[in-house]
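>>> For reference, the sequence and a predicted model appear below.
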Amino acid sequence: MRIPISLSGALIAVAMVGTVSTVATAPLGAQTSPPAAATAPAAQAQTPDQIVEAIARELGAALHGHRKEYMKDKPKLVELANHVLESHFDESYSVILVLGDYARTATPEQIFAFQKAFYNALLDRYAADLTHYRESRVTVIPARAPLEGPRAIARTHVKLNDGKEASVDFVFRKDPDGQWKAYDVVIEGISYIASYRSQVGDEIRHIGLDGLIKRLQTEGLSAFDKPKKPRGVK
């Protein structure tokens, strides 16, 4: 199953809104214990809604008047998406969740290689969303409670070009420095983490983690679209 858009793609979709209203944040009630390593005061960290707004402004400003140029230069588009997203996306934590139980048996080198290959594949496929969502609009869902704890959800509705609306929830957590980072997105009830965890697990069972890393490096996310072959079968 291929989800309609990835975490980076969803953030990019929101960025296509010219003026973004404040995105409401709601705490994940079941997770209230702050990470022991957190050191930065909460007041100094951007809130999830401020982060989404910052991404929207920066990408919107970069694309204004240059959309056609970026459409003709995909590497430049990917570079722009990575530049804006890398400081707001908890890539390492997200990858651990995507790997699931396989993260426990993988070596640090394997995890790093998978992280790099997977993230690059996501950017390569979804950077095009920068140009596809020019008419999108975001509707804010008001917060029902104050922002508390180490995790939060920024809830939005994204209106697409065809007039349809998609529910897009951005899931954030505080990193060890006390900064909010996005690590998951839930679009119309479909979690980016859960969807790719299923696909990644299926691939690892068939070709192993090293095999999946190589396929991601050479084929990108198309590696998930091809029929599976057992290990040892070429």
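Noted; the coordinates are in hand. Numbers count the residues shown, from 1 in each chain.

>>> surely His88 meets Phe172?
No: His88 lies out of contact with Phe172 (C-beta atoms under 8 Å); the separation is 9.0 Å. (C-beta placed from N, C-alpha, C; glycine too.)

>>> which residues in the protein form strands?
25-27, 137-140, 151-159, 165-174, 180-187, 190-191 (DSSP state E).

>>> Now do the fourth one and strand 180-187, the angle between them.
With axes from the mean of the first three to the mean of the last three C-alpha atoms, to 10 degrees as the basis, strand 165-174 and strand 180-187 are set at 150 degrees to each other.

>>> Listing partners with orientation, what would you give for strand 165-174?
strand 151-159 (antiparallel), strand 180-187 (antiparallel) (DSSP bridges).

>>> Buried residues, it. List them.
Within strand 165-174, the residues that qualify as buried are Ala166, Val168, Asp169, Phe170, Val171, Phe172, Arg173, Lys174, counting by 16 or more other C-beta atoms under 10 Å.

>>> how near is the first one to Leu99?
It refers to Ala166. 27 Å (C-beta to C-beta, to the nearest Å).

>>> and if you look at the fifth one?
Noted for Val171: a distance of 17 Å to Leu99, by C-beta to C-beta.

>>> just to revisit the earlier point, and the buried residues of strand 165-174, which is closest to Leu80?
Of all the buried residues of strand 165-174, the one with the least separation from Leu80 (C-beta to C-beta) is Phe170, at 19.7 Å.

>>> Quick check: nearest residue in space to that closest one, chain neighbours excluded?
Spatially, and ignoring its direct neighbours in sequence, Phe170 is nearest to Ala154 (4.3 Å; C-beta to C-beta, 6 or more residues apart in numbering).

>>> Count the residues that sit near that neighbour.
By other C-beta atoms under 10 Å, the residues close to Ala154 number 29.

>>> and what of Glu148?
Glu148: 13 neighbours (other C-beta under 10 Å).

>>> on that earlier part again, which two in the buried residues of strand 165-174 are spaced the farthest apart?
Within these, Ala166 and Lys174 form the most distant pair, 26.7 Å apart (C-beta to C-beta).
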